[in-house]
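Colleague: Structural data only, the sequence is not supplied:
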């Protein structure tokens, strides 16, 4: 009976355990603890929907924790920023009550001096220490006592509370009418308790009400090609000081001046070192445009010379309307180059074309020569007048000039050579011919008041100069003592003098280079003569490269003056074996130069010098 009860009890426990935990409990001893006959419960396996709810709940908790962390970090950041701003404000805040002012006139005349007061006021409760005043001037503003300075720093030192300091300085201004200039000042200071630099800034705007000069340009509004016209400039000193001016004129297009007053120092550039107060001067040019150009401008640049400084002022400009001339007169040449050699003939072709609407009657053509022409070489069918050095054509020797109908064209030819020699003492030579066509027939396209129409043109060519070189190798030299056996002996050293002599004609020469290579067995002794300058020599004893530079040689050497000469002594040691006459003492020398007036390049190459050349000059 008892056994049946126990079996039934065990069966009940197993079923109850399966219902509660879904598994059958172990029958091992010690693994089941019976409380009221019931096994200890194990965690129940969750259903899928229960697992999802559990994950959502975990993620929500995680997000709340992260949000708390971010909030804490943000609050910490705000606290840090607030602390930084507070500290920065405490250390760098503008000290109230420090004022800076510039007192003076705000409208000025150019070049007049004005005094300005710079006032510093310390209305604060702090002592300002180690303070300084910085004055900065923009372009066109100058310190009266130091025109070169653009900035000044004035040490102020300490400034007690409720005190002020005033600094006075004189300035002058240069500018154009109504131009704005600025004076900028900065007061820099410290306080004893705050190790921080403070700065207060101020600027004053000044307006120019009177220019240092007035300039007027006079020019026709329109001109014809090859028609002479007057271009003039009037310059007035508006100040109470003696002033200097530099004036330059730049013509767009192919403009050529025939008469210039006063003469320029460089083409279309003038320097006037002193113009009295309230006085003026005038520049006048009579010239023409050689070729058509569409609406060219003329620019006039003016610089002020004051207290040994050149200060730019203003660029003025004016436009000119260029019209094709109804009568075209032009000169062509062969060779076409604007730089020619002496003694070579030049062929000129003077051509005219009637582009007007009427016939030109009784036309006269005249050509004038200026420069060193050789009139014995002249070839032409015109009438040559030796008193005026001119050639004339009209209907008598050129029938087509009797009536030049609209659209017709014709020409004449001249052949002539320059002189055979360079004139002694003269340089920068030019050959110029001027052609003038005249008629009493006035086309309606031309508006002139005279009863005769005159059309002119000209052509100018430069004559390039010439440079010659003489080489000479000497043993018996009155200027230098040479030693050693002469004639040369194998294996024995002998010193010789080497000369280069330059002859110049027609123009100055610049950038002269002398190049050669000193051979084995020859070396420089260091003895030099003539115009030789060791600072101009580049010599490599190992390679033998020899380069000597001459900056400039003026014209007239060899005619007015002695030849320009450089000399250096060499020591020659012929080899122990061999024919001495085959020894090259000085290899060929390459000489280059540039004409200063013509711009042409010149090259000369000499022959090598051997022992049998000693004592004989050679010209190249």
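Modeller: Done, it's in. Here the structure is a predicted model, which is why all the values come from computation and not from measurement.

Colleague: What lies in contact with stretch 135-143?
Modeller: Among residues not part of stretch 135-143, those counted as contacts by Cβ atoms under 8 Å, 6 or more residues apart in numbering are 118, 149-154, 169-175, 179, 181-186, 206. Quick note: C-beta positions are derived from backbone N, CA and C, even for glycine.

Colleague: Type out the ChimeraX command that picks the buried ones from these.
Modeller: Once 16 or more other Cβ atoms under 10 Å is used to decide burial, the buried members of these can be selected in ChimeraX as follows:
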select :118,152,169,171,172,173,174,175,179,181,183,184,185,186,206
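
Colleague: Tell me the buried residues in stretch 401-412?
Modeller: Within stretch 401-412, judged by 16+ other Cβ under 10 Å, the buried ones are 401, 404, 410, 411, 412.

Colleague: For the second one, list the residues it contacts.
Modeller: Meaning residue 404. By Cβ under 8 Å, 6+ apart, the contact list for residue 404 reads 352, 354, 359, 360, 361, 363, 410, 439.

Colleague: Look up phi and psi at residue 225.
Modeller: Geometry field for residue 225 lists phi and psi as phi -60, psi 140, criterion degrees, to the nearest 10.

Colleague: what separates it from residue 571, distance-wise?
Modeller: Here the distance between residue 225 and residue 571 works out to 68 Å (Cβ to Cβ, to the nearest Å).

Colleague: More neighbours: the two, which one.
Modeller: Counted by other Cβ atoms under 10 Å, residue 225 and residue 571 do not tie: residue 225 has more neighbours, with 22 against 17.

Colleague: pLDDT wise, what is the residue lying closest to that one once chain neighbours are set aside at?
Modeller: Sequence neighbours aside, residue 325 is the residue nearest to residue 225 in space, at 4.7 Å (criterion: Cβ to Cβ, 6 or more residues apart in numbering). pLDDT for residue 325: 82.

Colleague: these two touch, right, residue 395 and residue 365?
Modeller: No. When contacts are counted by Cβ atoms under 8 Å, residue 395 is not listed as touching residue 365 (10.6 Å).

Colleague: Give me the common contacts of those two.
Modeller: Each of residue 401 lies in contact with both residue 395 and residue 365 under the rule Cβ under 8 Å, 6+ apart.

Colleague: Sketch out the low-pLDDT regions of the chain for me.
Modeller: Segments of the chain classed as low confidence (criterion: pLDDT under 70) are 1-65, 70, 82-94, 193-195, 447-449.

Colleague: residue boundaries of the helices in it?
Modeller: Listed in chain order, the helices of the chain (DSSP state H) span residues 2-21, 48-92.

Colleague: before we move on, back to that, point out the ones among the contacts of stretch 135-143 that are inside strands.
Modeller: Cross-referencing the contacts of stretch 135-143 against strands under DSSP state E gives 118, 151-154, 169-173, 181-186, 206.

Colleague: Report how many residues lie close to the residue nearest to residue 225.
Modeller: Neighbours around residue 325, by other Cβ under 10 Å: 23.

Colleague: and the gap between it and residue 445?
Modeller: Remark: distance between residue 325 and residue 445 (Cβ to Cβ) = 9 Å.

Colleague: before we move on, back to that, and the buried residues of stretch 401-412 as a markdown table, adding distance to residue 377?
Modeller: As requested, the buried residues of stretch 401-412 are arranged in a markdown table below (distance: Cβ to Cβ, whole Å):
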| residue | distance to residue 377 |
| --- | --- |
| 401 | 26 |
| 404 | 30 |
| 410 | 25 |
| 411 | 20 |
| 412 | 17 |
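
Colleague: The residues you listed in strands, which ones?
Modeller: With strands identified by DSSP E, the entries of the buried residues of stretch 401-412 that belong to them are 404, 410, 411, 412.

Colleague: ok, so of the residues you listed, who is nearest residue 337?
Modeller: residue 411 (20.7 Å; Cβ to Cβ).

Colleague: residue contacts, the closest one?
Modeller: 349, 350, 351, 352.

Colleague: who's it bridged to?
Modeller: Beta bridges link residue 411 to residue 351, judged by DSSP bridges.

Colleague: cool, residue 499 as well?
Modeller: Applying DSSP bridges to residue 499 yields these beta-bridge partners: residue 472, residue 567.

Colleague: related to what we said a few turns ago, any idea which of the ones in strands among the buried residues of stretch 401-412 is the one closest to residue 338?
Modeller: The shortest separation between residue 338 and any of those is 20.8 Å, and it belongs to residue 411 (by Cβ to Cβ).

Colleague: got the contact list for residue 289?
Modeller: Shown in contact with residue 289 (Cβ under 8 Å, 6+ apart): 223, 225, 226, 253, 254, 255, 296, 322.

Colleague: what ranges do the strands span in the stretch 351-500 of the chain?
Modeller: Taking DSSP state E, counting those that start in this stretch as the criterion, the stretch 351-500 of the chain carries its strands at 360-361, 364-370, 373-379, 383-385, 390-393, 403-404, 409-418, 430-439, 453-463, 466-474, 494-505.

Colleague: So which of these is the most surrounded?
Modeller: With neighbours defined as mean count of other Cβ atoms under 10 Å, those peak in mean count at strand 494-505, which reaches a mean of 22.

Colleague: Who are the packing partners of that one?
Modeller: Counting contacts by 3 or more Cβ pairs under 8 Å, 6 or more residues apart in numbering; DSSP states H and E, the secondary-structure elements packed against strand 494-505 are strand 466-474, strand 522-530, strand 564-572.

Colleague: got those as JSON lines, with distance to residue 598 columns?
Modeller: As requested, the helices and strands packed on strand 494-505 are arranged in JSON lines below (distance: least, Cβ to Cβ, whole Å):
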{"stretch": "strand 466-474", "distance to residue 598": "10"}
{"stretch": "strand 522-530", "distance to residue 598": "26"}
{"stretch": "strand 564-572", "distance to residue 598": "19"}
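
Colleague: Looking at those, spot the one closest to residue 218.
Modeller: Proximity of the helices and strands packed on strand 494-505 to residue 218 was assessed by Cβ to Cβ; the nearest stretch is strand 466-474, lying at 44.1 Å.

Colleague: Residues contacting the closest one, please?
Modeller: Against strand 466-474 from outside (Cβ under 8 Å, 6+ apart): 342, 422, 482, 496-506, 509, 553, 558, 563, 585-586, 589, 591, 593, 602, 604, 606, 609, 613-620.
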